[in-house]
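K.L.:
Build me a structure from this.
(chains A and B)
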Amino acid sequence: MTSQTAAAPESLLAAPDQATQRDITDEIGRLHADLERREQAGERIRSTVHDFPAYRSSLLRHPTKNLKLVDPETIELLSPAFGQRDVAAVESDLTVQHAGEPLGERMTVAGRLLDSWGRPVANQLIEIWQANSAGRYIHQRDQHPAPLDPNFTGAGRAVTNASGEYTFTTVKPGPYPWKNHVNAWRPAHIHFSIFGSSFTQRLVTQMYFPGDPLFALDPIFNTIWRQKDRDSLIGVYDHDLTSAEWATGYRFDIVVDGPDATWFENESE
Amino acid sequence: MTMTVPARTLRPTPGQTVGPFFAYGVEYDRMHQVVDPHAPGAVLLGGTIYDGAGDPVPDAFIEIFGADSDGRVPRARGAFRRDGHTFTGFGRAFTNDDGHYEFFTRAPGAAQGRPAFFAAIVFARGLPDKLHTRIYLPDDAAALAADPFLASLESEERSTLIASRPTPAQLQHDIRLQGEKETVFLDF
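P.N.:
Next up, the predicted model:
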């Protein structure tokens, strides 16, 4: 077997064809129409499609075969156990990790972690990471010429409480340019990594902000092909979460997916 | 016990790609050391993640969750604050620039009458959503042969789920996201 040398990761970020935004938007429209047709013809289609060529980096990285349906075994029906020892309380405040205050719109992001039956998922870990208010990630490979903020890293963690609730304090991220096509911009978003009460429920997703004009243009957001599913990733402005002269507030509730066998597992805990 | 599962009332939140810049968001100390590398019985589980062109994927990560060597599912907290001795069963490893990942862990014991495996999840830039798979231990040929799920697969599919053991303290397992020897990924 030949062992191939990997390309430098940063060299992979630009799609080779560099299509226009109009091309990409048209492709997204055609892909959604085709998925709609397939569903009407009786096919069961996941809420996030793996095969979505408008997201160019997915071309060689998505599986081409159907996922195999399998009965989860015990290890898959449970989840790593987390508790306060895994996360310090201060890790949920992304504005206090440095000597000074980060620039940008300070906000509270809070919500509940629930299972498919609406039951709270307690004591589970949520990790977030995001760009700063100028749209720049602290990651070395992000070299776009927006300023880094010496007072903002952009990573946080929280463990849900007994009611499944979590709260983060952060600043609103800026939109972010990327190289999927010419002059491509990602809508402002916060990455969320979530553990449910079973390993099958593991979820990595992104939270967006209401009214972003970039929604229709973004191939990653649109890998979720149904409008109602995309809408569920948009945080809701919630005045009850705001603090006077301090922070705005957004609510983002998260639902981890079944499967049916987890109904019993959660019952017994 | 026969109980009926009630209808689900909430729509699941859909997944999204981890994107290119996950490293500073999800990295933590000794995350790939499920056990201390020098602990008795430690095995090195490693392999390469490949894309559909056969090129290594340098910006992916993989998570494993495995039973203890007696087959019991770990319930101890502390996967994110390693103390060097508590076995939590969970680990996370980034691929390096050669697409290679590795863990130090224990070989899981089998659940009653079943072949032993690690539950595993793959995330990557360019992968729109997570992918679940399993990494079976190669040792118990009879249990592997008797497993109804493995038996339901074509032999070339089955082989994508079973690690090899080049040395007693080593498990080798490559993952192919796409292509001829595409790894079998799971839905539950």
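K.L.:
Number of residues surrounding whatever residue of chain B ends up closest to chain A?
P.N.:
Using Cβ to the nearest Cβ, B:Gly25 is the residue of chain B that sits closest to chain A, at 2.4 Å. In short, each C-beta sits where N, CA and C put it, glycine included. Neighbours of B:Gly25 under the rule other Cβ atoms under 10 Å in any protein chain shown: 24.
K.L.:
Which residue, other than its chain neighbours, is closest to the residue of the stretch 151-269 of chain A found nearest chain B?
P.N.:
Among the residues of the stretch 151-269 of chain A, A:Asp257 lies closest to chain B, at 3.6 Å counting by Cβ to the nearest Cβ. Once flanking residues are discounted, A:Asp257 sits nearest to B:Pro12: 3.6 Å by Cβ to Cβ, 6 or more residues apart in numbering or on different chains.
K.L.:
now A:Gln124
P.N.:
Nearest to A:Gln124 is A:Phe195, by Cβ to Cβ, 6+ apart, at 4.7 Å.
K.L.:
what's near enough to touch the one you found?
P.N.:
Applying Cβ atoms under 8 Å, 6 or more residues apart in numbering or on different chains, we find A:Phe195 in contact with A:Ser79, A:Pro80, A:Phe82, A:Gln124, A:Leu125, A:Ile126, A:Gln201, A:Arg202.
K.L.:
swap in B:Ala111?
P.N.:
A:Glu73, A:Thr74, A:Ile75, B:Ala67, B:Gly71.
K.L.:
So which of these are in helices?
P.N.:
A:Thr74, A:Ile75 (DSSP state H).
K.L.:
Dump the contacts of B:Ala111 to a markdown table, plus distance to B:Val5 and pLDDT.
P.N.:
Supplementary listing: the contacts of B:Ala111 in a markdown table, determined by distance: Cβ to Cβ, whole Å; pLDDT from 0 to 100:
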| residue | distance to B:Val5 | pLDDT |
| --- | --- | --- |
| A:Glu73 | 18 | 93 |
| A:Thr74 | 17 | 92 |
| A:Ile75 | 20 | 94 |
| B:Ala67 | 25 | 96 |
| B:Gly71 | 26 | 94 |
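K.L.:
Which among the contacts of B:Ala111 count as buried?
P.N.:
Among the contacts of B:Ala111, the ones that count as buried by 16 or more other Cβ atoms under 10 Å in any protein chain shown are A:Glu73, A:Thr74, A:Ile75, B:Ala67.
K.L.:
mind putting the residues you listed in CSV, distance to B:Pro168 included?
P.N.:
Formatted as CSV, the buried ones among the contacts of B:Ala111 follow (distance: Cβ to Cβ, whole Å):
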residue, distance to B:Pro168
A:Glu73, 25
A:Thr74, 26
A:Ile75, 23
B:Ala67, 19
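K.L.:
Over to the residue in chain A that chain B sits nearest to: give its phi and psi.
P.N.:
Chain B sits closest to A:Trp129 of chain A, with a gap of 2.4 Å, by Cβ to the nearest Cβ. A:Trp129 has phi and psi values of phi -150, psi 150 when expressed as degrees, to the nearest 10.
K.L.:
number of nearby residues for B:Glu63?
P.N.:
24.
K.L.:
Which strand residues bridge it?
P.N.:
On the basis of DSSP bridges, B:Glu63 is bridged to B:Arg92, B:Ile121.
K.L.:
what's the distance between it and A:His32?
P.N.:
Counting by Cβ to Cβ, to the nearest Å, the separation of B:Glu63 from A:His32 is 31 Å.
K.L.:
Give the full set of residues in contact with the residue nearest to B:Gly113 when sequence neighbours are not counted.
P.N.:
Spatially, and ignoring its direct neighbours in sequence, B:Gly113 is nearest to B:Ala143 (7.2 Å; Cβ to Cβ, 6+ apart). Residues near B:Ala143 by Cβ under 8 Å, 6+ apart: B:Ala110, B:Gly113, B:Arg114, B:Pro115, B:Ala116.
K.L.:
Same check on B:Ile162?
P.N.:
Counted by Cβ under 8 Å, 6+ apart, B:Ile162 has contacts B:Tyr136, B:Leu137, B:Pro138, B:Leu144.
K.L.:
Mind jotting down where the strands sit in the chain?
P.N.:
Here I'm looking at chain A. A:68-69, A:106-114, A:125-130, A:155-159, A:165-171, A:176-178, A:184-186, A:189-194, A:203-208, A:236-237, A:248-251, A:254-255 (DSSP state E).
K.L.:
nope, chain B
P.N.:
B:43-50, B:60-65, B:90-94, B:100-105, B:117-124, B:131-136, B:164-167, B:170-172, B:175-176, B:186-187.
K.L.:
how about those strands in CSV, adding mean pLDDT?
P.N.:
Shown next, in CSV, are the strands of chain B (pLDDT from 0 to 100):
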stretch, mean pLDDT
strand B:43-50, 98
strand B:60-65, 98
strand B:90-94, 98
strand B:100-105, 98
strand B:117-124, 98
strand B:131-136, 98
strand B:164-167, 97
strand B:170-172, 98
strand B:175-176, 98
strand B:186-187, 97
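K.L.:
want to throw those strands into CSV with distance to A:Pro175?
P.N.:
CSV is the format used below for the strands of chain B (distance: least, Cβ to Cβ, whole Å):
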stretch, distance to A:Pro175
strand B:43-50, 30
strand B:60-65, 25
strand B:90-94, 26
strand B:100-105, 32
strand B:117-124, 23
strand B:131-136, 28
strand B:164-167, 46
strand B:170-172, 42
strand B:175-176, 33
strand B:186-187, 33
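K.L.:
follow-up on the earlier one: and the residue of the stretch 151-269 of chain A closest to chain B, how far from A:Val121?
P.N.:
From A:Asp257 to A:Val121 the distance is 12 Å (Cβ to Cβ).
K.L.:
shared neighbours, the two?
P.N.:
Common neighbours of A:Asp257 and A:Val121 (Cβ under 8 Å, 6+ apart) are A:Gly196, A:Gln201.
K.L.:
Take the contacts of B:Ile162 and write them to TSV, including distance to chain A and neighbour count.
P.N.:
Formatted as TSV, those follow (distance: Cβ to the nearest Cβ, whole Å; neighbours: other Cβ atoms under 10 Å in any protein chain shown):
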residue	distance to chain A	neighbour count
B:Tyr136	11	23
B:Leu137	13	23
B:Pro138	18	16
B:Leu144	14	20
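K.L.:
which of those sit farthest apart?
P.N.:
Greatest spacing in the contacts of B:Ile162, by Cβ to Cβ: B:Leu137 and B:Leu144 (8.6 Å).
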